[in-house]
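J.: requesting a structural model of the entry that follows:
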Amino acid sequence: MAFKRFVTLTLASGFGIGYAPIIPGTAGSLAAAILHFMLPLEEPAWILIITAAFVAGIWSGTLVEREYGKDPPLVVIDEFVGQWLTFSFLPMDLLTLTGGFLLFRIFDISKPFPVNRAQRLKGGLGIMLDDVIAAVYAHASLRLILLIIS
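T.: Numbering: from 1, shown residues only. Just a heads-up that it's a prediction; the model follows:
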C-alpha cells in the first residue's frame, strides 16, 4: 500500500514539482514547457506521452483527491498534459515556448467557459479535463498569433 501511495503521489505531483512551496501549478507548467522544448520528439511520440499522462492523471488525481480534497495544489500532472497539448503540432522555438506557456497559464487560471464547468467534475477526470480545455484555447490562440506574425 505504501508503494502504491508513493507511485500515485509521484505521478500526480509531476515527480515532486507539485510540492513547490509557491505557485505549484505554474511550476508544473514551466517544467512541462522546458521538458517539451528540450525533448525533440516527433508528434506521434508526444501524443503517446500525452495520452499516457492523461490516463495516469485521471487515476492518480482521483486517488490523491480522496486524501487531500478537491483538486489539491500538489497535483500538477494536469499542467503537464495541458502544456504539452498547447504545443502539439506547432513548431517548437522560443516564441512558441514563451507564448504557449503564457497563454496556457492565462486560460488555466482564468477558467473561461467551459473550463470552469469541467473543473466541477469529480475526481481525476475533473482535474485533467479543465486543463485539456484550457490547452485547446491556448493552442488555438497561439496558432492564430503565429499565423498573424509570420
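J.: where along this structure do the helices fall?
T.: Under the criterion DSSP state H, the chain contains helices at 2-12, 24-38, 43-68, 77-87, 94-110, 115-118, 123-149.
J.: deepest-packed of those helices, please.
T.: Highest mean neighbour count among the helices of the chain (mean count of other C-beta atoms under 10 Å): helix 77-87, with a mean of 28. To be clear about C-beta, it is placed using only N, CA and C from the backbone, and glycine gets the same treatment.
J.: CSV please, covering the helices of the chain and showing distance to Gly18 and mean pLDDT.
T.: As requested, the helices of the chain are arranged in CSV below (distance: least, C-beta to C-beta, whole Å; pLDDT from 0 to 100):
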stretch, distance to Gly18, mean pLDDT
helix 2-12, 7, 96
helix 24-38, 5, 97
helix 43-68, 9, 97
helix 77-87, 8, 98
helix 94-110, 14, 97
helix 115-118, 20, 94
helix 123-149, 11, 97
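J.: for Pro73, phi and psi?
T.: phi -60, psi -30 (degrees, to the nearest 10).
J.: grab the nearest non-local neighbour of it.
T.: Closest residue in space to Pro73, ignoring its immediate chain neighbours: Pro24 at 5.0 Å, by C-beta to C-beta, 6 or more residues apart in numbering.
J.: wait, the one you found touches Gly16, no?
T.: No. With the criterion set as C-beta atoms under 8 Å, Pro24 and Gly16 do not qualify as a contacting pair; they are 10.2 Å apart.
J.: Met128 contacts Thr51, correct?
T.: No. At 11.4 Å, Met128 does not count as touching Thr51 under the criterion of C-beta under 8 Å.
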